[in-house]
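1. After the sequence you'll find the predicted model.
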Amino acid sequence: MDFDNTSPTDLASLGEFGLIKHLAQHFDIKHSSTVKGVGDDAAVIDNGNLQTLVSTDLLLEGVHFDLSYVPLKHLGYKAVVVNLSDIYAMNGTPRQIVVSLGLSNRFSLEAIEELYQGMLLACNKYNVDLVGGDTSSSRSGLIINITVIGAAEKEELVYRSGAKEGDLLCVSGDLGGAYMGLQVLEREKAVFKENPKLQPDLEGKDYILERQLKPEARKDVIEQFKALGIRPTAMIDVSDGLASEILHICEQSGVGVDLYEEKIPLDSLTYDTAREFNLDPTVCALSGGEDYELLFTIPLEDYNKIKNLPDFSVIGHLTPSSKGYQLIAKAGTVHPLKAQGWNHLGS
Ligand code: ADP
Ligand code: MG
């Protein structure tokens, strides 16, 4: 690696994606079996018949989760699910995970068992084997790193880079719920800190709390694609917020986009809770993150295959790159689409 910087560069000025891009220019690929390295939801390795998919995620206490309101069983479940989501985002099937933990002596055996109960619940539900990992002591709370290994036929694989001008931009499920669930949990935590005698008020918020605490990966969507004879031209999972994910697809595919605000799918509880918090529900969907829905593009000819399915929304279409990235607001006004997703380095 060529270190030609003369003065220290602030990581926040690069951002998470800028840092990854900067580092990745120095990774040369030595094997022809390395089909895809850095830059998609998972790496792709050619194994002859099948392609192997690999993806990993790091979860840090105090950064990604707060044990004062996240039960360990839920945390274990979610830690597995967010990894599987990246394999589905390649149109692949996850098969194995390895789990590495950093533990402090604050945790009892029973606590760790609870964490694993959640992980194994997810493994059973998604038909995945837990095949190894590593365990170490930690001085900064709980650290969870999970790596998932999956497989796909070469012809099935869907990258972020395959979207074409004229394709429809679609998303599964609804967006912004996980973010609003987090806002409710943070609010009740603040109330509890002020007055520990008060019970948390979570009534009627079940759906968004579940979106935050126990998300699911969209295995069912991949299965529907097969049943409908659809192979998306591009796909990504919505982990950082809709805007950020749309821009990843557009940048890697070399296309522009028209996104229609009125088409963005929002659950009514998400909408009402955003209003209660004086937040714009659209902004919550665009920038909130952690929904783990699938964002994908399909050719116009495939519209008939999905138009009557309530779980899919067509939210826009792809344009020539010269048109740029546009959000068409409900009022008809046009705004530049920008990513303000979770940027742990920037904030
Ligand atoms: P996702 O949101 O789908 O989990 P990320 O934004 O975490 O994806 O990562 C984007 C790409 O950058 C992936 O290909 C990932 O493997 C790669 N990547 C992330 N961090 C690093 C790192 N420290 N070194 C090398 N590659 C990385
Ligand atoms: Mg992803």
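-> Thanks, I have the structure now. Ligands and ions are numbered 1, 2, ... in the order given.
2. Would you indicate which residues of stretch 233-243 are buried?
-> Going by neighbour count (16 or more other C-beta atoms under 10 Å), the buried part of stretch 233-243 is 233, 234, 235, 236, 237, 238, 239, 240, 241, 242, 243. For glycine as for every other residue, the C-beta is placed from the backbone atoms N, C-alpha and C.
3. for stretch 317-329, same thing?
-> For stretch 317-329, by 16+ other C-beta under 10 Å, it's 317, 318, 319, 325, 326, 327, 328.
4. again with stretch 130-150
-> Quick answer for stretch 130-150 (16+ other C-beta under 10 Å): 130, 138, 141, 142, 143, 144, 145, 146, 147, 148, 149, 150.
5. One more: stretch 269-279?
-> Across stretch 269-279, burial judged by 16+ other C-beta under 10 Å covers 269, 270, 271, 272, 273, 274, 279.
6. and what of stretch 116-135?
-> Buried positions in stretch 116-135, judged by neighbour count with 16+ other C-beta under 10 Å: 116, 118, 119, 120, 121, 122, 123, 126, 128, 130.
7. What mean pLDDT does that stretch get?
-> Average pLDDT, stretch 116-135: 98.
8. before we move on, what about stretch 327-339?
-> 93.
9. same check, this time on stretch 101-113
-> The model assigns stretch 101-113 a mean pLDDT of 95.
10. do the same with stretch 306-314
-> On average, stretch 306-314 scores 95.
11. quick revisit: and the buried residues of stretch 233-243 near ligand 2, which?
-> Checked against ligand 2 using C-beta under 5 Å from the ion, the buried residues of stretch 233-243 yield the following neighbours: residue 237.
12. Sort out which of the buried residues of stretch 233-243 are in helices and list them.
-> Per DSSP state H, helices hold the following members of the buried residues of stretch 233-243: 242, 243.
13. contacting residues for residue 118?
-> Residues near residue 118 by C-beta atoms under 8 Å, 6 or more residues apart in numbering: 72, 73, 74, 75, 76, 77, 78, 79, 80.
14. which of these has the most neighbours?
-> With neighbours taken as other C-beta atoms under 10 Å, the top of these is residue 80, carrying 28 neighbours.
15. The nearest residue to that residue once chain neighbours are set aside is in what secondary structure piece?
-> Nearest non-adjacent residue to residue 80, counting by C-beta to C-beta, 6 or more residues apart in numbering: residue 122, 3.8 Å away. Assigned by DSSP states H and E, residue 122 belongs to helix 109-126.
16. same thing with residue 53?
-> Taking DSSP H and E as the definition, residue 53 sits inside strand 50-60.
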